[in-house]
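1. sequence and predicted model, in that order:
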Amino acid sequence: MSARFVMGSESPEDDSGAARTPSSSGSWKTIKRIPKGGRPYATSLSFAFALTAVMTALVLVAVLSFVWEGQFMAYTRRNMQAIATSTADAISELYAVEGEFNDTVLSAAESASALSSDIVVQVTDTRGIVLYDDTWATADASSPRGSEGNPPPTAREAVVSANVEAPNGAVVGIVRLWALGSDALLTKTDSAFRSNSYGAIATAAAIAAVLACVIGYFVSRGIARPIQRITSTAKQIRNGDLTARSGVTGSDEIGQLGETFDDMAGTIERDIKLEHRLTGDVAHELRTPLMAMQATVEAMQDGVLPADDEHFEVVASEVRRLSRLIDAMLRLSRLENGTTEVKYEKTDMVYLIKSLVSAQHQLFHERGLHLRFVDETPHGELYADVDPDLIREAVTNLMSNAMRYTNPDGWVKVSLRQDHADVLIAVQDTGIGIAKEDIPRTFSRFWRSDVSRERVSGGLGVGLAITKEILDRHNGTILVESELDKGTTFTLRIPQRRQR
């Protein structure tokens, strides 16, 4: 599903390549429905499960055909060979007693014939004359019984044989065995077992495919349901309901997707609310000095106030306030857009922060505040690849905030330490603090808590937003810890090495 947003360009061209008159027209299209003929995700997943089951069965059949079939044929051949060998040994023992082939000697072959009606047992002498063939017992009385006997299969792998030996070790006969009516050494029982095995595999494959479809259907529904909820929630948000949430949670990928989506939706809702508040804040920040200037100028024009240096200074002061506000907004905009160049250089952070605190000490003293610097580095020096001017600006913004919102005789402490490969700069005050619910909005532009708005010394409301952008450009982070009426601590974490 997708959304489409098309706006007229500054110099659109028609199909012929000629430029048309610039247009500001545009078109907007809502999220499309599922296209006709599209396959639902649950169906696709069920089909994939079934295909996997079928492919598994086919692989099993292939393995059986090339591996199990050969093993089975070798097994049946070993059995037949064992019968032929034991029969030849039995005949050899009787031959040693009788000294010739007679009915007593050949009776040992009858024992082998009795094992299965599908096995043909044939005994010949060294000249190839058939002495015993168990098919004679079932042949017609009129059928000739000669030296040819029942001819064995022509394929060598279809017959097994064993030698009949005299006491002196000479070969006096041969015992041959084969399966009746088969070109392989498979009896009817063996053939039935093989056929039944393949039939069982085919049945198991069919059952597996059906079970895979059923399991796949329910599993895919379980997977597709949270995706559908996320999609539905996205439509609600797209249609203006910013409070909509999917409610999908879990430790798997879809659960994490749902939680991330809801967090994103919450961020969007919060940002839009802040954007609406930003409009009012900007209007308020601009309106206050403009109203003061307008009232003073109109009073001087009407003769209510004299046009002297004192009242001109009031106007000039408000102009400077507007100028600072606009400069701060431009500064923030350049940082956000990446147009401000960051000049990285190896900087002694101890010297940088210590000199900054020393420069600000008199200003804090005039406000009745105590300011001190605490060096927690092990050797009194700590280097980092930073833009010293930007870092100085970020720390100055935090110190200015601490100075504005700390009551007289309060403390402001700036400390520096190293944590693994990071530089940590902390600005701690004993000021009015920030409410717990307001902390996430601390770095929003023009945001000030209701308490700080009541203070005459309130700033422009963009210093912390600028500080955040400076830390972002250095791939750093800011930690805020605060408690109402107890104070606030801002901790800047900056990597020592520049991440290229």
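-> All right, it came through fine. Numbering: from 1, shown residues only.
2. and Gln418, helix, strand or coil?
-> The local conformation at Gln418, judged by DSSP: H, G, I helix; E, B strand; the rest coil, is strand.
3. who's in contact with it?
-> Residues in contact with Gln418 (Cβ atoms under 8 Å, 6 or more residues apart in numbering) are Thr377, Pro378, Leu382, Leu424, Gln496. Placement of C-beta: from N, CA and C, glycine included.
4. what's the helix or strand for Val160?
-> strand 159-165 (DSSP states H and E).
5. Pro378 too?
-> Counting by DSSP H and E, Pro378 is part of no helix or strand.
6. how much space between it and Arg417?
-> 9 Å (Cβ to Cβ, to the nearest Å).
7. equivalent analysis for Gly128, please.
-> According to Cβ to Cβ, Gly128 and Arg417 sit 104 Å apart.
8. okay, these two: which has more neighbours?
-> Arg417 (17 against 10; other Cβ atoms under 10 Å).
9. what's around Gly303, how many residues?
-> By other Cβ under 10 Å, neighbour count at Gly303 equals 8.
10. SS state for it?
-> Put simply, Gly303 is coil when judged by three-state DSSP.
11. picking that back up, tell me the strands beside the strand holding Val160, with direction?
-> Using DSSP bridges, the strands paired with strand 159-165 are strand 171-179 (antiparallel).
12. could you point out which element follows the strand it pairs with?
-> helix 188-238.
13. got the phi/psi numbers for Leu424?
-> Dihedral pair for Leu424: phi -110, psi 120, per degrees, to the nearest 10.
14. check contacts around the residue nearest to it when sequence neighbours are not counted.
-> Spatially, and ignoring its direct neighbours in sequence, Leu424 is nearest to Arg417 (5.2 Å; Cβ to Cβ, 6 or more residues apart in numbering). Counting by Cβ under 8 Å, 6+ apart, Arg417 makes contact with Glu376, Thr377, Leu424, Ala426.
15. and these, which two are the farthest apart?
-> Thr377 and Ala426 (12.9 Å; Cβ to Cβ).
16. more neighbours: which of the two?
-> A count of neighbours by other Cβ under 10 Å puts Ala426 above the other of Thr377 and Ala426, at 19 against 14.
17. surely the more buried one is in a helix?
-> No. Assignment of Ala426 by three-state DSSP gives strand, placing it outside any helix.
18. give me the number of residues near Leu186?
-> 21.
19. I'd assumed Ala179 was in contact with it.
-> Yes. Counting by Cβ atoms under 8 Å, Leu186 does reach Ala179; the two are 5.4 Å apart.
20. check which helices and strands the helix or strand Ala62 falls within is in contact with.
-> Assessed by DSSP H and E, Ala62 sits inside helix 41-63. The contact analysis (3 or more Cβ pairs under 8 Å, 6 or more residues apart in numbering; DSSP states H and E) places helix 41-63 against helix 188-238.
21. kindly state the pLDDT recorded for the residue most central in space within the chain?
-> In the chain, the centroid-proximal residue (Cα atoms, centre = their mean) is Glu253; its distance is 5.9 Å. On the pLDDT scale, Glu253 is placed at 84.
22. then Gln360?
-> On the pLDDT scale, Gln360 is placed at 92.
23. and Val61, what is it in contact with?
-> Neighbours of Val61 in contact, by Cβ under 8 Å, 6+ apart: Tyr198, Ile201, Ala202, Ala205.
24. how close does the third one sit to Met73?
-> What it means is Ala202. From Ala202 to Met73 the distance is 20 Å (Cβ to Cβ).
25. neighbour count winner among the two?
-> Met73 (16 against 12).
26. by contact count, what packs against the helix or strand hosting the more buried one?
-> Met73 is part of helix 69-98 when elements are defined by DSSP H and E. Where contact means 3+ Cβ pairs under 8 Å, 6+ apart, helix 69-98 is packed against helix 103-113, strand 119-125, strand 159-165, strand 171-179, helix 188-238.
27. angle of it against strand 119-125?
-> 40 degrees (axes from the mean of the first three to the mean of the last three Cα atoms, to 10 degrees).
28. so which bits of helix 69-98 are buried?
-> Within helix 69-98, the residues that count as buried by 16 or more other Cβ atoms under 10 Å are 72-73, 76-77, 79-80, 83-85, 87-88, 90-92, 94-95.
29. try stretch 191-203
-> Judged by neighbour count (16+ other Cβ under 10 Å), stretch 191-203 contains these buried residues: Ser191, Arg194.
30. also stretch 358-367?
-> Buried, per 16+ other Cβ under 10 Å, within stretch 358-367: Gln360, Phe364.
31. can you pull out the strands in the stretch 301-450 of the chain?
-> All strands of the stretch 301-450 of the chain, identified by DSSP state E, counting those that start in this stretch, fall at 345-348, 370-375, 383-386, 411-419, 422-429.
32. all helices for the stretch 401-500 of the chain, in order.
-> Taking DSSP state H, counting those that start in this stretch as the criterion, the stretch 401-500 of the chain contains helices spanning 450-453, 463-473.
33. actually the stretch 251-400 of the chain, sorry about that
-> Taking DSSP H, counting those that start in this stretch as the criterion, the stretch 251-400 of the chain carries its helices at 253-301, 309-337, 349-366, 388-404.
34. okay but Ile272 is in contact with Gly240, surely?
-> No. Using Cβ under 8 Å, Ile272 makes no contact with Gly240, being 10.4 Å away.
35. more neighbours: the two, which one.
-> Between Ile272 and Gly240, counted using other Cβ under 10 Å, Ile272 has the larger neighbour count: 11 against 7.
36. in space, what's closest to the more buried one - neighbours in sequence excluded?
-> Closest to Ile272 by Cβ to Cβ, 6+ apart is Leu242, at 6.4 Å.
37. how much space between the one you found and Thr249?
-> 20 Å.
38. of those two, who's got more company?
-> Applying other Cβ under 10 Å to Leu242 and Thr249 shows that Leu242 carries more neighbours, namely 15 against 12.
39. from start to finish, how long is stretch 396-413 in a straight line?
-> 13 Å (Cα to Cα, to the nearest Å).
40. which parts of it are buried?
-> For stretch 396-413, by 16+ other Cβ under 10 Å, it's 396-406, 410-413.
41. what is the rounded mean pLDDT of that stretch?
-> Stretch 396-413 shows an average pLDDT of 92 in the prediction.
42. how distant is that stretch from the center of its chain?
-> When distances are taken as Cα atoms, centre = their mean, to the nearest Å, stretch 396-413 is centred 45 Å away from the chain's centroid.
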